[in-house]
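In: Give me the fold of what follows.
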Amino acid sequence: MSALIKGRAHLLGDDVNTDLHCSSKYHPGRDNAYVAQHAFEQLAPGFAARFGKRGVIVAGRNFGNNSSREQAVHILRMMGVGGIVAASFGRQFYRNCINNGLTAVECDVAGVADGDEIEIDPAAGRVAVRARGIVREVPPLPEAALAIVAAGGLIPFLKAHPDWKIPVTTEG
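Out: Down below sits the predicted model:
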């Protein structure tokens, strides 16, 4: 349902919040395209300019913390981010990724270097950097989350599946 994601790793550290990296509050009057060209400048000058299509952000703890702003995910998609691997995510940001069609997986990122070719298989629950012999098992994304990401986000998914219902289970 969800394709394998392969791209160059672009490393960031711990506690990268959405206000810092993808907010127009630092660029008053500028649109998302402008913000995408300057994303992460305060953390890593030139980051957006070096970022290639389908690249993968690899970050430490608490990536995307401190904000419920969906704009951050829109900016990342405009940059061409293929996916994000982080030690942990701010929970609202993580859900905004899924709801806006961007794969995000939690994983130990030790040993991954900037520029490594990294693979994310969200359905199988695997992150790999083959050149370094790194293969990490992660919890696979639930089927519903995979379907939402594959559709490009929650709104496109619901438009394509107008009769979809949340499965209800009963416990006895």
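In: And for the helix or strand bottoming out on mean pLDDT in the chain, what's in contact with it?
Out: Between all helices and strands in the chain, the lowest mean by mean pLDDT, DSSP states H and E belongs to helix 18-21, at a mean of 77. Helix 18-21 is contacted from outside by 25, 39-40, 42-43, 64-67, 69, 71-72, 90, 93, using Cβ atoms under 8 Å, 6 or more residues apart in numbering. Every C-beta, even on glycine, is put in place using the N, C-alpha and C of the backbone.
In: Kindly report the same for stretch 42-55.
Out: Defining contact as Cβ under 8 Å, 6+ apart, one finds that stretch 42-55 is touched by 5-10, 12-13, 16, 20-21, 26, 36-41, 79-82.
In: just checking, which of those belong to strands?
Out: With strands taken from DSSP state E, the overlap with those comprises 5, 6, 7, 8, 9, 10.
In: Pick out the one among the residues you listed with the largest number of neighbours.
Out: residue 10 (24 neighbours; other Cβ atoms under 10 Å).
In: ok, that one touching residue 57?
Out: Yes: counting by Cβ atoms under 8 Å, residue 10 touches residue 57, with 5.5 Å between them.
In: re the thing from before, filter the contacts of helix 18-21 down to the buried ones, PyMOL style.
Out: Buried members of those, identified by 16 or more other Cβ atoms under 10 Å, are gathered into one PyMOL selection as follows:
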select buried, resi 39+40+64+65+67+69+71+72+90+93
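In: Just name the closest of the contacts of helix 18-21 to residue 147, please.
Out: residue 93 (20.3 Å; Cβ to Cβ).
In: got a list of contacts for the helix or strand in which that closest one is found?
Out: Under the criterion of DSSP states H and E, residue 93 resides in helix 91-99. For helix 91-99, contacts defined as Cβ under 8 Å, 6+ apart pick out 18, 63-65, 67-70, 72-73, 84, 89, 103-104, 141, 145, 148-149, 153-154.
In: Look up how far residue 30 lies from residue 46.
Out: 18 Å (Cβ to Cβ, to the nearest Å).
In: go on, residue 90?
Out: According to Cβ to Cβ, residue 90 and residue 30 sit 24 Å apart.
In: ditto for residue 158
Out: 31 Å.
In: follow-up on the earlier one: quick one: which of the ones in strands among the contacts of stretch 42-55 is nearest to residue 163?
Out: residue 5 (29.5 Å).
In: So what pairs up with the closest one in the strands?
Out: Beta bridges link residue 5 to residue 120 when assigned by DSSP bridges.
In: Mind putting the ones in strands among the contacts of stretch 42-55 into TSV with pLDDT and distance to residue 123?
Out: Converted to TSV, the ones in strands among the contacts of stretch 42-55 look like this (pLDDT from 0 to 100; distance: Cβ to Cβ, whole Å):
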residue	pLDDT	distance to residue 123
5	96	11
6	96	14
7	96	17
8	97	22
9	97	20
10	96	23
